[in-house]
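Student: no letters, just coordinates:
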């Protein structure tokens, strides 16, 4: 066999070995990703199937419908959302829809306000120099994020007294203002880093072209920072949507949200796991829809943060 033929065979063997290693590595990666996806989705699956279980099925830990247990509409019937009750008047369904609309209004409004205020604050901290006593921009940024160190229970009594004086107890406005304050430090921190990753030369070029400061911000900087704003909005939405402590503290009936309704499914007869699961799954669906619709912006926002610096 000639040297040329041997070289060709060695190249062919090397290519086969490379392709085998490539396919093996890809298979391992996809198996790990599929496994992690199953782990991440299992709580949602468990919640959904639990809404169709009876008490014995819940206690026995049945997993697979029609194999381990026979599905029933127990959880959805207790909310008036089963096929046999959806057309009839239902007090539990009216309560659920009221809590759902409260959560929707409060969470979306608070998240929008937090992103609007946090974006302007983050832009100022990233572009201008501030001085307040001994504090500079970095100190001011740390002051905002340090507000998250306080546990919510520390703020319970001050907010109760303040809201009682202002007449904001059990109101949508009271929850919106409070939730905005809760997520605002995180939004400021995210948006400050987002604006710092944008070269100031873009604004300088816009100013040379005749744009004002606000014109440069809205026409040049804001579109570039939009993925980061969407990511901050989704994070704020998740935090406010699932917030329980302050909703249970400052509301009594008219403005209560879904997390409080989930936690209230207990009584002298025990915990209504099927009803709790039905409410939980119904409350998770809007967040899943928002995540799917804004997936493109979320990926861009996370990629921008990952490549910063």
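Tutor: Perfect, I can see it now. Quick caveat: nothing in here was measured; it's all calculated off a predicted structure.

Student: where exactly do the helices run in this protein?
Tutor: Secondary structure of the chain (DSSP state H): helices at 3-50, 55-60, 74-78, 91-127, 137-146, 156-166, 172-196, 201-208, 213-216, 222-241, 245-250, 258-263, 273-293, 295-306.

Student: pLDDT of the last one, averaged?
Tutor: Right, helix 295-306. Taken as a whole, helix 295-306 has a mean pLDDT of 61.

Student: begin at 465 from here
Tutor: Okay, residue one is now 465; in that scheme the one you just asked about reads as helix 759-770.

Student: who's in contact with the closest residue to residue 560 other than its chain neighbours?
Tutor: Nearest in space to residue 560, with sequence neighbours left out and distances taken as C-beta to C-beta, 6 or more residues apart in numbering, is residue 543 at 5.2 Å. No exception for glycine: its C-beta is placed from N, CA and C like everyone else's. Contacts of residue 543 were listed using C-beta atoms under 8 Å, 6 or more residues apart in numbering, and they are 554, 556-557, 560, 739, 742-743, 746.

Student: quick revisit: for the helices of the chain, give me TSV that also has distance to residue 548 and mean neighbour count.
Tutor: Shown next, in TSV, are the helices of the chain (distance: least, C-beta to C-beta, whole Å; neighbours: other C-beta atoms under 10 Å):
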stretch	distance to residue 548	mean neighbour count
helix 467-514	19	11
helix 519-524	20	14
helix 538-542	7	23
helix 555-591	13	19
helix 601-610	51	14
helix 620-630	42	13
helix 636-660	34	22
helix 665-672	60	13
helix 677-680	58	13
helix 686-705	30	20
helix 709-714	32	20
helix 722-727	22	20
helix 737-757	15	18
helix 759-770	36	15
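
Student: related to what we said a few turns ago, show the pLDDT at the residue nearest to residue 560.
Tutor: Looking at residue 543, its pLDDT is 88.

Student: quick check, nearest of the contacts of residue 543 to residue 516?
Tutor: Using C-beta to C-beta, residue 742 comes nearest to residue 516 of those, at 8.7 Å.

Student: quick revisit: from the contacts of residue 543, pick the one nearest residue 690.
Tutor: Comparing the contacts of residue 543 against residue 690 with C-beta to C-beta places residue 746 closest, at 30.2 Å.

Student: against residue 641, how distant is the closest one?
Tutor: According to C-beta to C-beta, to the nearest Å, residue 746 and residue 641 sit 27 Å apart.

Student: picking that back up, of all the helices of the chain, which lies closest to residue 549?
Tutor: Among the helices of the chain, helix 538-542 comes nearest to residue 549, with 5.7 Å by C-beta to C-beta.

Student: for the closest one, packing partners?
Tutor: Judged by 3 or more C-beta pairs under 8 Å, 6 or more residues apart in numbering; DSSP states H and E, the packing partners of helix 538-542 are helix 737-757.

Student: contacts for the helix it packs on next, please.
Tutor: Identification of contacts with helix 737-757 by C-beta under 8 Å, 6+ apart yields 508, 511-512, 514-519, 522, 538-540, 542-543, 545, 560, 564, 567-568, 698, 701-702, 705, 722-723, 725-726, 729, 762.

Student: 6 Å - rerun?
Tutor: Helix 737-757 is contacted by residues 511-512, 514-515, 517, 522, 538-540, 542-543, 722, 725-726, 729 when judged by C-beta atoms under 6 Å, 6 or more residues apart in numbering.

Student: could you dump the helices of the chain into a markdown table and include distance to residue 532?
Tutor: Below are these laid out as a markdown table (distance: least, C-beta to C-beta, whole Å):
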| stretch | distance to residue 532 |
| --- | --- |
| helix 467-514 | 9 |
| helix 519-524 | 8 |
| helix 538-542 | 16 |
| helix 555-591 | 28 |
| helix 601-610 | 47 |
| helix 620-630 | 43 |
| helix 636-660 | 40 |
| helix 665-672 | 59 |
| helix 677-680 | 61 |
| helix 686-705 | 31 |
| helix 709-714 | 35 |
| helix 722-727 | 25 |
| helix 737-757 | 15 |
| helix 759-770 | 33 |
